[in-house]
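In: I'd like to go over a predicted model; first the sequence, then the structure.
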Amino acid sequence: MITPVELMSALADATRLAALRMVWDGQEHCVCELMKALGATQSRMSRHMAVLKVAGLVVDRRDAQWVRYRRNPRLDSRVVAVIEAVLALPANQRRDAA
């Protein structure tokens, strides 16, 4: 189970939060999609996704040379509630909250 500190640390970066917003749709997204949408390099995006994976918020699947990420379907409902509350904040409040 993720600790509150791990959860808040994972959510405290704008790029990670934007990536989490993308994968929160329940679909798989490859790093190339995330890179393009968020304007990040491959290495930077991979590092951010690794943080989200270590925190247990996303899971990955290798597909040839690609790594595809999706929302972790086994997240505790309390963690899901926190993430959904953060994702529901208007952009200016998210910036102030982080």
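Out: Sure, I can see it. Residues are numbered from 1 along each chain as shown.

In: Tell me the secondary structure of V67, please.
Out: strand (DSSP: H, G, I helix; E, B strand; the rest coil).

In: Name the SS class of the closest residue to it other than its chain neighbours, please.
Out: Leaving aside its sequence neighbours, V67 sits nearest to D60 (C-beta to C-beta, 6 or more residues apart in numbering; 5.2 Å). Heads up, the C-betas are built off the backbone N, CA and C, glycines and all. Look at D60: counting by three-state DSSP, its state is strand.

In: Provide a list of residues in contact with D60.
Out: 49, 53, 67-70 (C-beta atoms under 8 Å, 6 or more residues apart in numbering).

In: swap the cut-off to 10 Å and go again
Out: 28, 30-31, 49-50, 52-53, 66-70, 72 (C-beta atoms under 10 Å, 6 or more residues apart in numbering).

In: Secondary structure element holding M22?
Out: Using DSSP states H and E, M22 falls within helix 14-23.

In: which helices and strands sit right next to that helix?
Out: helix 4-11, strand 29-30, helix 31-38, helix 42-54, strand 58-63, strand 66-71, helix 77-88, helix 91-97 (3 or more C-beta pairs under 10 Å, 6 or more residues apart in numbering; DSSP states H and E).

In: One more pass at 6 Å, please.
Out: Where contact means 3 or more C-beta pairs under 6 Å, 6 or more residues apart in numbering; DSSP states H and E, helix 14-23 is packed against helix 31-38, helix 42-54, strand 66-71.

In: out of these, which comes closest to M1?
Out: helix 42-54 (13.5 Å; C-beta to C-beta).

In: now the angle between strand 58-63 and that closest one, please.
Out: 130 degrees (axes from the mean of the first three to the mean of the last three C-alpha atoms, to 10 degrees).
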